[in-house]
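Enquirer: Sequence first, then the predicted structure, then my questions.
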Amino acid sequence: MKALRVFLTPLAIAIALGLAARAAVHIYAIPSASMAPTLLAGDRIIVTRCLAAPRRGDVVVFHAPLTGELMVKRVAGVPGEVMEAGAGRTVVVPADSYFVVGDNRQDSFDSRHWGPVSRDLIVGRARVVLWSSVAAAHGRIFRRIH
């Protein structure tokens with residue numbers, strides 16, 4: 001009985017830790033060039049849940065307001081700020097919402113088109129590029145997202 005406990009206890013702890021890590025960390029693939037040069041199409045990123053409110057400059061993964069598809073963009077405006085939405089339009093970012101844009105402004109469908117993103121649509125913050133074919137060609141696999 002004691003030998004069984006010695007075997008099962010570490011196994012149960014490993015399974016519990018694995019499930020906790022899986023709930024806290026997700027891996028997503030970048031589908032387009034809208035975040036180039038920071039993130040390239042095909043890059044795999046590690047995303048963690050946002051425990052604190054996103055800050056200006058954070059790269060976040062969220063459900064698009066109009067379609068619900070997952071998107072990756074940079075937070076450019078936080079609640080209460082006035083943002084330029086293009087064509088001379090300004091937008092005041094509401095409470096619990098964020099103005100997000102792609103780093104590649106010419107190839108990005110973002111808050112300039114559909115407005116600020118509600119906090120409850122944000123899945124998490126992109127932390128690290130886990131795999132990038134471009135970085136791998138240069139001998140680097142991991143790189144932090146700035």
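Expert: Okay, I see it.
Enquirer: which residues are in contact with the strand ranked longest in the chain?
Expert: Determined from DSSP state E, the single longest strand within the chain is strand 122-131. By Cβ atoms under 8 Å, 6 or more residues apart in numbering, the residues outside strand 122-131 that reach it are 26-28, 39, 43-50, 54, 58-63, 70, 72, 98, 135, 141-145. For the C-beta atoms, the positions are set from N, CA and C on the backbone; glycine is no exception.
Enquirer: Who are the contact partners of the closest residue to Asp110 other than its chain neighbours?
Expert: In this structure, Asp110 finds its nearest non-sequential neighbour in Val101, 4.5 Å apart by Cβ to Cβ, 6 or more residues apart in numbering. Contacts here follow Cβ under 8 Å, 6+ apart; on that basis Val101 touches 73-74, 76, 108, 110-112.
Enquirer: can you tell me how far Val101 sits from Thr38?
Expert: 12 Å (Cβ to Cβ, to the nearest Å).
Enquirer: got any residues that touch both of those two?
Expert: Arg74.
Enquirer: just to revisit the earlier point, got the buried residues for the longest strand of the chain?
Expert: Within strand 122-131, the residues that qualify as buried by neighbour count (16 or more other Cβ atoms under 10 Å) are 122-126, 129.
Enquirer: Now flag whichever of the residues you listed is closest to Arg22.
Expert: Gly124 (13.3 Å; Cβ to Cβ).
Enquirer: in the sheet, who's paired with the spatially closest residue to that closest one that is not a sequence neighbour?
Expert: Closest residue in space to Gly124, ignoring its immediate chain neighbours: Val47 at 4.2 Å, by Cβ to Cβ, 6+ apart. The residues listed as beta-bridge partners of Val47 by DSSP bridges are His26, Ala126.
Enquirer: Which parts of this structure are helices?
Expert: Using DSSP state H, the helices of the chain run over residues 2-24, 111-114, 133-137.
Enquirer: and the longest one with strand 122-131, angle?
Expert: Helix 2-24 runs at 110 degrees relative to strand 122-131, counting by axes from the mean of the first three to the mean of the last three Cα atoms, to 10 degrees.
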